[in-house]
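1. Sequence and predicted structure, then a few things I'm wondering about:
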Amino acid sequence: MTYSNGTFNLTTTKLKYWHRNVIHTDNHCFVCKGDFKDIARYITTAGLEVVEQGSNFLRIAAVTGYRDEFGGRTDETDYLYKLVTASSEEERRKIIEERPHFNEFTKMSKNTEWAASQEQIKYLKQLHKKIYGKELDITEEKDRFTISKQINEYLKLIELEQISNPQKVKKSFNRWLNGYLYRYLQEYHYPFISFEELTDDFYKELYDVIKKVSETEETIWVKGNYEPTPSELKKSTESEIRKLQRKKPTTKQTNLFMNLCERLSIVESIPNNYLLFSKKLADYSQKANNLKPATEKQITTIKRLWKNYSSEEIDFKNATQEDIQKYFKEIEIKNKLI
């Protein structure tokens, strides 16, 4: 952003930051999509001057009412901010009325009324049918803000129905548990691949996580005040681990697995247990990486460090990443002893 040449740069980042609290579900919203061609048209019809249009920015003439605050502001940028963050068609019109010399909207502009998209109307109808069991007729023309408000009301009704349904609350918890288990396994390099390997310490840690999530998140199971008993948690955990075990690897994963086996001269078929497959895939990837040649920079660095700690010269020929790591560990041990 700069005003030294009388312009203001509106970037993708700035646009998203301004627009982040505008509630609607219009998948074709030109602001959300970052379609700078439509954004430029919208700003121009609002009376502002677009000096330059790029793929991810617009340069707008901003020369009046400069104030050295918040990194610099002008009358034009204040006006633009209000337009982008307008929460209703009525509010947008009021903003324009306050600045009559900017009121140059083209009546033929498709963005003038901020009309609701077909996708937004379709989503509203789906929600209505889900709640009331029948189609919704939208005969009158409504802007996106009106429909967004109605969608928000329907989503709240659906949420209330889910929270009051014990089965849906439990399903919500199990979906969360499935995601947590897989993230845990990946982070800690698959410490278990079957529920028989689970320990009491793990369940204790899991209970602590559930308590923390219950205090911070707002998912259906949290809003439904779901708190599993030890036996329910054990049963749910075993069920979700079975689901993870039965998961099918992607073609990309299987191809990578076979390529790694070939590089490491391992003769092995793909495991049927997805968790075991994932663990081996991670192990073999690390082994293959360890066999990669060391870089010249790594070799130079390790020679210098080794000489500093042992006063010995080392001659590296065909050094691998594994060799480098081995020497680094020995140097780390020597460093601790000093």
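-> Nice, I can see it.
2. Would you verify that Ser239 is located in a strand?
-> No: judged by DSSP: H, G, I helix; E, B strand; the rest coil, Ser239 forms no part of a strand; its state is helix.
3. which ones are touching it?
-> By Cβ atoms under 8 Å, 6 or more residues apart in numbering, Ser239 lies in contact with Asn174. Yep, even glycine has a C-beta here, placed from its N, CA and C like the rest.
4. what's around Tyr327, how many residues?
-> Using other Cβ atoms under 10 Å, Tyr327 has 20 neighbouring residues.
5. For the remainder of this discussion, apply numbering that starts at 883.
-> Okay, residue one is now 883; in that scheme the one you just asked about reads as Tyr1209.
6. That one touches Lys1189, doesn't it?
-> No: using Cβ atoms under 8 Å, Tyr1209 makes no contact with Lys1189, being 11.4 Å away.
7. Quick check: neighbours shared by those two?
-> Ile1196.
8. Low-confidence bits of this protein, can you list those?
-> Low-confidence segments of the chain (pLDDT under 70): 883-888, 901-916, 927-929, 944-955, 969-971, 978, 980-999, 1021-1023, 1025-1027, 1216-1220.
9. in it, which spans are strands?
-> Ranges of strands in the chain, per DSSP state E, are 889-893, 932-935, 939-943.
10. Name the residues of the second one that come out as buried.
-> Think strand 932-935. Val932, Gln935 (16 or more other Cβ atoms under 10 Å).
11. Show me what the longest helix seen in the chain is packed against.
-> Criterion DSSP state H: the longest helix present in the chain is helix 1048-1069. With contacts defined as 3 or more Cβ pairs under 8 Å, 6 or more residues apart in numbering; DSSP states H and E, helix 1048-1069 has these neighbours: helix 1026-1045, helix 1082-1098, helix 1102-1105, helix 1112-1128, helix 1156-1172.
12. just the CA coordinates of the fourth one, formatted as PDB?
-> Listed next in PDB are the C-alpha coordinates belonging to helix 1112-1128 (Å, rounded to 0.1, in the frame of the first residue of the first chain):
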ATOM      1  CA  PRO A1112     -14.500 -45.400  29.900                       C
ATOM      2  CA  SER A1113     -16.300 -48.300  28.300                       C
ATOM      3  CA  GLU A1114     -17.900 -46.200  25.600                       C
ATOM      4  CA  LEU A1115     -14.600 -44.500  24.800                       C
ATOM      5  CA  LYS A1116     -12.800 -47.900  24.600                       C
ATOM      6  CA  LYS A1117     -15.600 -49.300  22.300                       C
ATOM      7  CA  SER A1118     -15.600 -46.200  20.100                       C
ATOM      8  CA  THR A1119     -11.800 -46.100  19.800                       C
ATOM      9  CA  GLU A1120     -11.600 -49.800  18.800                       C
ATOM     10  CA  SER A1121     -14.300 -49.200  16.200                       C
ATOM     11  CA  GLU A1122     -12.500 -46.200  14.700                       C
ATOM     12  CA  ILE A1123      -9.200 -48.000  14.600                       C
ATOM     13  CA  ARG A1124     -10.900 -50.800  12.700                       C
ATOM     14  CA  LYS A1125     -12.100 -48.200  10.200                       C
ATOM     15  CA  LEU A1126      -8.600 -46.900   9.800                       C
ATOM     16  CA  GLN A1127      -7.200 -50.400   9.300                       C
ATOM     17  CA  ARG A1128      -9.700 -51.000   6.500                       C
END
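13. returning to that earlier point: of all the residues in the longest helix of the chain, which ones are buried?
-> 1051-1052, 1054-1056, 1058-1060, 1062-1064, 1066-1067.
14. The nearest residue to Tyr1209 once chain neighbours are set aside and Val1104, how far apart?
-> Nearest residue to Tyr1209, sequence neighbours excluded (Cβ to Cβ, 6 or more residues apart in numbering): Ile1184, at 5.0 Å. Using Cβ to Cβ, to the nearest Å, we find Ile1184 at a distance of 50 Å from Val1104.
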